[in-house]
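Asker: Pasted the sequence and its predicted model underneath.
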Amino acid sequence: METGQVIREDTIITRAAEGEITFFSGASYVPVIQGTSPTQVKQATAGATNVVGFAKKDMRGDVINDHDAVSVVVAPALIQIPVDESVNVNDYLVVGEVPTQLSKTTVDSSGNVGTTLMAAVVARSKQTKDSSGNIYVSLGV
């Protein structure tokens, strides 16, 4: 049944979960980083600068257990995921303080996005929202 949680997923890879991967209530995706081997992924933290994609929730519930197979959506894609503040269309987004949410990051007044900042950016907002909640984002900024 269509849930409205995704518009497009172009590339999906399968990896093993390293540790539990927990989804935010009502969310179908969570940012993940590479695990200790290239065949593994683990849940991102607020300090993550190496997000490799977004784990996709399946029928197992709100948690994917350690060592279970997980589908990871990689760029390009357009998906829905929670943000923890208001955003505008095309705002750059990074992993938030709550690891399963994204938050807005700002660039300097010239519009320059430095190399260090760009490494942390995981998506761009494709929707304006005046408070926290689920929004559509584009991966592969």
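Answerer: Now that the structure is in, tell me what you want to look at.
Asker: what helix or strand is the residue at minimal distance from the centre of the chain on?
Answerer: Against the mean C-alpha coordinate of the chain, by Cα atoms, centre = their mean, the closest residue is residue 31 at 3.5 Å. Counting by DSSP states H and E, the secondary-structure element that holds residue 31 is strand 29-34.
Asker: The top strand by length along the chain to strand 29-34, inter-axis angle?
Answerer: As far as residue count goes, and with DSSP state E defining each element, the longest strand of the chain is strand 69-83. With axes from the mean of the first three to the mean of the last three Cα atoms, to 10 degrees defining the directions, strand 69-83 sits at 120 degrees from strand 29-34.
Asker: that older thread, ok, and what's touching the strand holding residue 31?
Answerer: Counting contacts by Cβ atoms under 8 Å, 6 or more residues apart in numbering, the residues outside strand 29-34 that touch it are 5, 21-24, 40-44, 48, 50-57, 70, 72-73, 79-81, 95, 99-100, 102, 122. Heads up, the C-betas are built off the backbone N, CA and C, glycines and all.
Asker: Give me the buried entries from those residues.
Answerer: Buried residues within the contacts of strand 29-34, defined by neighbour count using 16 or more other Cβ atoms under 10 Å: 5, 21-24, 40-44, 48, 51-57, 70, 72-73, 79-81, 95, 99-100, 102, 122.
Asker: So which of those sit within strands?
Answerer: With strands identified by DSSP E, the entries of those that belong to them are 21-22, 40-43, 51-56, 70, 72-73, 79-81, 95, 102.
Asker: what's the span of stretch 57-73 from first residue to last?
Answerer: Across its full length, stretch 57-73 reaches 11 Å between end residues, using Cα to Cα, to the nearest Å.
Asker: average pLDDT for that stretch?
Answerer: Average pLDDT, stretch 57-73: 91.
Asker: Contacts for it next, please.
Answerer: For stretch 57-73, the surrounding residues in contact (Cβ under 8 Å, 6+ apart) are 9, 11-23, 25, 27-30, 32, 41, 52-56, 79, 139.
Asker: Equivalent analysis for stretch 84-92, please.
Answerer: Contact with stretch 84-92 is made by 93, 96-98, 101-107, 113, 117, 121, 124-132, 135, 141, as judged by Cβ under 8 Å, 6+ apart.
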